[in-house]
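Chemist: Next one to model:
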Amino acid sequence: MEGICEYCMRKSIPLEIKVVLMSVLIVAGVSSSGKTTVGRGVAEQSGARFLDADDLHPASNVAKMHAGVPLNDDDREPWLDAIRERIVQAIADQQRLVIAASCLERGHRRHLIGDSSPADLRIAFLVVSYQTAFERAHARHHAFFPETLVKSQFATLELPGPDEPNVRIFDGEANLEPLIDEISSYFSSPI
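Modeler: Next up is the predicted model:
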């Protein structure tokens, strides 16, 4: 049996190779960067469950955004906690989960990552220009996020840096299918 170590064969030690795939991927970026579209595509391609973190916002946040008022950190705290709960549960259950969530600030990303290793959780951060985000937001008519809030997203944005090993930047203006393929590979690749 080629490829099996001699010691294992002599000792009759069963050789089991187990590939462990990363549990959670967050597709992040400003509003209208493509988080939901890309996230759904990656989840479908990877056989993972998909969660749009917008669905976890408390009603007060939804009302505030609908009125065109940007959220502050106090508003985001219960939302970030709800996302982190889903992350911890998916990792504990060894379930593959793709989440679409803005994660614009380093502190937000640190909160969501917690003590998770890059083997458990990674963030694919989609970068788009202001013009692209504004045009996409204007064209899609989001249920509670008007295009007027895109400017506040860019004002809040802190791009990921090299000190964030769980995060990789992707071009959110790239063609959709190759982008989904690239991020799916990132989600499925070992460390």
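
Chemist: Which parts of this protein are strands?
Modeler: Taking DSSP state E as the criterion, the chain carries its strands at 24-28, 49-52, 97-100, 121-127, 167-171.

Chemist: Return the most buried member of those.
Modeler: Stretch with highest mean neighbour count among those: strand 24-28 (a mean of 28; mean count of other C-beta atoms under 10 Å). The C-beta positions use only the backbone N, C-alpha and C, and glycine is treated the same way.

Chemist: residues in contact with the residue nearest the centre of the chain?
Modeler: Centroid-nearest residue in the chain, with C-alpha atoms, centre = their mean: residue 26, separated by 1.1 Å. Listed by C-beta atoms under 8 Å, 6 or more residues apart in numbering, the contact set of residue 26 reads 87, 98, 99, 100, 101, 103, 112, 121, 122, 123, 124.

Chemist: mind redoing it with 10 Å?
Modeler: Residues near residue 26 by C-beta atoms under 10 Å, 6 or more residues apart in numbering: 35, 39, 51, 53, 83, 87, 97-103, 109, 112-113, 121-125, 166-167.

Chemist: isn't residue 138 right up against residue 32?
Modeler: Yes. Proximity of residue 138 to residue 32 meets the contact threshold set by C-beta atoms under 10 Å, at 8.6 Å.

Chemist: For these two, indicate the residue with more neighbours.
Modeler: The neighbour comparison of residue 138 against residue 32 (other C-beta atoms under 10 Å) goes to residue 32, with 25 against 13.

Chemist: pLDDT on stretch 26-46, on average?
Modeler: The average pLDDT for stretch 26-46 rounds to 95.

Chemist: any idea how far residue 107 is from residue 76?
Modeler: Using C-beta to C-beta, to the nearest Å, residue 107 is found at 10 Å from residue 76.

Chemist: Which other helices and strands does the lengthiest helix in the chain contact?
Modeler: With secondary structure taken from DSSP state H, the chain has its longest helix at helix 73-92. Judged by 3 or more C-beta pairs under 10 Å, 6 or more residues apart in numbering; DSSP states H and E, helix 73-92 is in contact with strand 24-28, strand 49-52, helix 59-66, strand 97-100, helix 106-113, strand 121-127.

Chemist: Let me know the angle separating it from helix 106-113.
Modeler: 30 degrees (axes from the mean of the first three to the mean of the last three C-alpha atoms, to 10 degrees).

Chemist: Under the pLDDT cut-off, which ranges of the protein? List them.
Modeler: By pLDDT under 70, the weakly predicted segments of the chain are 1-22, 141-147, 191.

Chemist: Leaving out chain neighbours, which residue sits closest to residue 180?
Modeler: Residue nearest to residue 180 in three dimensions, not counting chain neighbours: residue 41, with 3.8 Å by C-beta to C-beta, 6 or more residues apart in numbering.

Chemist: so what's that neighbour up against?
Modeler: Residues in contact with residue 41 (C-beta under 10 Å, 6+ apart) are 27, 34, 50, 98, 176, 177, 179, 180, 181, 183, 184.

Chemist: could you measure it against residue 92, distance?
Modeler: 26 Å.
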